[in-house]
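Trainee: Pasted the sequence and its predicted model underneath.
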Amino acid sequence: MIRINLCISVAKLLCFITNHCEKENEVKAFGNYINGEFVDSKSGRTFPNINPANIDEVVGNFQASNEADVEDACAAAVSAQEEWAATPATKRGEYLFKAADLLTEKLTQLGEEMTREEGKTLPEAIGEVTRAINIFRYFGGEGARQFSYNVPSERPQVLCYTIRKPLGTVALITPWNFPSAIPAWKIAPALIAGNTVVLKPASLAPLSSFRLVEALHEAKIPKGVINYVTGSGGSVGDALTSHPAIRGISFTGSTSVGDALYRKVSDRKLRVQLEMGGKNPTIVLRDSDLNYAADILVNGAFFSTGQKCTACSRAIIERSIYEPLVQLLIEKTRALKIGNGLNPGIQIGPAVDSHQLETDLDYIKIAKEEGAELLCGGNRLSGGDYDKGYFIEPTIFTGVNPNMRIAQEEVFGPVLALMVAEDFENAMEIANGVRFGLSASIVSRDLTRVYQFIDKIEAGLITVNLPTAGVEYQLPFGGTKESSYGMREQGPQAIDFYSETRTVYLRYAQ
Ligand code: NAP
């Protein structure tokens, strides 16, 4: 009897283990979200979302959508438009507040998912989801603050003022490197201004924005107001930006795709906003605390594996402090802990995919060929768990000439080019001598130089004694030169892109 019971228990245990393992291995399929429902693509195909720190792990399967799915999403958004625009903005804000509460309940889970799909460390990922939540709350509040303009008329008994109207249905196209914050900072102002949305997230990291959309669904946002369609840029992105129902496009991604998109839609006179690449400098002047400056450079250049549009990729250092600062920089860079971002203490995760890793390694090769001298890093990491992912050493080059490709082109990886400046004027000349103008920083205690830097630097985001990266949602964000086109994102100014101003002249007596 005892033996029979034991056999049953062992059988149950085996059964539990088998079921559990099957569940563990089961890869969840995530639908598109169209007209208030999670649906499969009409293509019948999906694509995998792979963990870049462990390429054996498929984080989820996502819909490989086609033109027919885009058509459905646009039709749903258009039919929801009138009622959504007529909904009081404060009521629209309530959906954002509710979604923010729901996301907060799942903060750790969402952070872990982001680390698994994008590779950034867990603290960075939790920080990013927190930011997305704050963005939802901030723009929820903007429902009560969409100010217009009211001025005295030059005629008697006439009121002159402006009103805001939504654009209509807008297309939001987002990159993989901030897979929650960037979709959030497009979705929230678009919705609060009364637009309906079709979101196409990056194929490398679609899960984080799926969670934003799911939270809005659970917050019971009316059907059709937000739609989410996954699939490649070439099919979904192209179909979406060609669709006649789309009245505005907000794109964040590479300069090459942004440029092509602009050329394609410019004839249609759509409202377009493009946030693209950067080649962001940090200038370090001779009066700086060198230890502090080295920390700023390591943070700006290497955290998030250098995969931030605002990452520092050029350090421009005054000659008299060059050697001691470079020594500190090498020590601090070699001490960085690289690995799977889910593991405690890891500071730098992997490159997002094999393509980005190849790009990083290609630029390292190009820099050597052009005559730059490798100071540290430069290799793909291998052995043990490194073999499972796309890990690369943080890399520093010295002897960089400002005309070299490593000093001019965006790498989007953990590669820092060091350049010597003879003085402040020379540093500014090097800093401004690129086609990009996203962010720039200076490390100095010299107030005069700092103000001259703020006045003359060609960048949309200027930081002083801080890394080039690290923006806050309550202020406008965007670049100059070839980094950006169109109106600013984030802050109260974000509403300007998503609304049209109409001017009213009202005579209150006949
Ligand atoms: P990307 O390759 O340009 O892709 C961005 C988005 O565009 C993705 O959703 C992509 O879809 C889509 N796309 C691709 N081809 C398209 C087409 N023909 N029509 C419409 N959409 C298309 O950029 P990424 O590699 O994801 O992101 C890295 C780049 O983004 C870097 O250059 C970085 O500097 C920039 N970035 C800029 C900012 C900023 O605010 N300035 C912020 C973050 C990142 P698939 O994913 O399916 O290809």
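Mentor: Structure's in. What do you need?
Trainee: what's the residue lying closest to residue 334 once chain neighbours are set aside sitting at in phi/psi?
Mentor: Spatial nearest neighbour of residue 334, excluding adjacent residues (CB to CB, 6 or more residues apart in numbering): residue 376 at 6.0 Å. Every residue, glycine included, has its C-beta placed from N, CA and C. Dihedral angles of residue 376 (phi, psi; degrees, to the nearest 10) stand at phi -160, psi 160.
Trainee: How far away from the center of its chain is stretch 468-477?
Mentor: 12 Å (CA atoms, centre = their mean, to the nearest Å).
Trainee: what about the most centrally placed residue in the chain, is that helix, strand or coil?
Mentor: With distances taken as CA atoms, centre = their mean, residue 178 lies nearest the centre of the chain, 3.1 Å away. Of the three states, residue 178 takes coil according to DSSP: H, G, I helix; E, B strand; the rest coil.
Trainee: who's in contact with the nearest residue to it once chain neighbours are set aside?
Mentor: Leaving out its chain neighbours, the residue that sits closest to residue 178 by CB to CB, 6+ apart is residue 128, at 6.2 Å. Residues near residue 128 by CB atoms under 8 Å, 6 or more residues apart in numbering: 111, 114, 120, 178, 180, 181.
Trainee: My guess is the first one contacts residue 118. True?
Mentor: Put plainly, it is residue 111. No: using CB atoms under 8 Å, residue 111 makes no contact with residue 118, being 10.8 Å away.
Trainee: What distance do you get for residue 123 to residue 304?
Mentor: 11 Å (CB to CB, to the nearest Å).
Trainee: Comparing those two, which residue is more hemmed in?
Mentor: Each of residue 123 and residue 304 has its neighbours counted (other CB atoms under 10 Å); residue 304 has more, 23 against 14.
Trainee: check contacts around that one.
Mentor: 120, 124, 177, 311, 349, 469.
Trainee: which non-adjacent residue is nearest residue 290?
Mentor: residue 325 (5.0 Å).
Trainee: can you check residue 395 too?
Mentor: Residue 395 sits nearest to residue 377 (CB to CB, 6+ apart), 3.3 Å away.
Trainee: swap in residue 431?
Mentor: residue 281 is the one closest to residue 431 (CB to CB, 6+ apart), at 4.2 Å.
Trainee: Can you list the neighbours in contact with the helix or strand where the one you found lies?
Mentor: Taking DSSP states H and E as the definition, one finds residue 281 inside strand 280-284. With CB under 8 Å, 6+ apart as the contact definition, strand 280-284 has outside contacts at 293, 296-297, 300, 310-318, 321, 325, 421, 424, 427-428, 430-431, 436, 438-444, 453, 459, 467-469.
Trainee: Select from the residues you listed every entry located in helices.
Mentor: 293, 296, 297, 300, 321, 325, 424, 427, 428, 430, 431, 453 (DSSP state H).
Trainee: I'd like those residues written out as JSON lines, with pLDDT added.
Mentor: JSON lines is the format used below for the ones in helices among the contacts of strand 280-284 (pLDDT from 0 to 100):
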{"residue": "293", "pLDDT": "98"}
{"residue": "296", "pLDDT": "98"}
{"residue": "297", "pLDDT": "98"}
{"residue": "300", "pLDDT": "98"}
{"residue": "321", "pLDDT": "98"}
{"residue": "325", "pLDDT": "98"}
{"residue": "424", "pLDDT": "98"}
{"residue": "427", "pLDDT": "98"}
{"residue": "428", "pLDDT": "98"}
{"residue": "430", "pLDDT": "98"}
{"residue": "431", "pLDDT": "98"}
{"residue": "453", "pLDDT": "98"}
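Trainee: Format those residues as TSV; extra columns: neighbour count and distance to the ligand.
Mentor: Shown next, in TSV, are those (neighbours: other CB atoms under 10 Å; distance: CB to the nearest ligand atom, whole Å):
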residue	neighbour count	distance to the ligand
293	23	24
296	24	20
297	28	19
300	27	14
321	17	29
325	23	26
424	19	27
427	23	23
428	22	22
430	20	20
431	27	18
453	23	21
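Trainee: Any residues of the stretch 351-500 of the chain in contact with the ligand? List them.
Mentor: Selection of the stretch 351-500 of the chain residues close to the ligand by CB under 6 Å from any ligand atom yields 410, 412, 438, 479, 483.
Trainee: mind checking which helix or strand of the protein has the lowest mean pLDDT?
Mentor: Ranked by mean pLDDT, DSSP states H and E, the weakest helix or strand in the chain is helix 2-25, scoring a mean of 41.
Trainee: Just checking, which helix or strand succeeds it along the chain?
Mentor: By DSSP H and E, the next helix or strand past helix 2-25 is strand 29-30.
Trainee: For that following strand, which strands pair with it and how are they oriented?
Mentor: Strands that pair with strand 29-30, judged by DSSP bridges, come out as strand 58-63 (parallel).
Trainee: quick one: is the following helix or strand past the partner strand near the ligand?
Mentor: Once strand 58-63 ends, the next helix or strand along the chain (criterion: DSSP H and E) is helix 67-86. No: residues of helix 67-86 contacting the ligand under CB under 6 Å from any ligand atom: none, with a closest distance of 10.9 Å.
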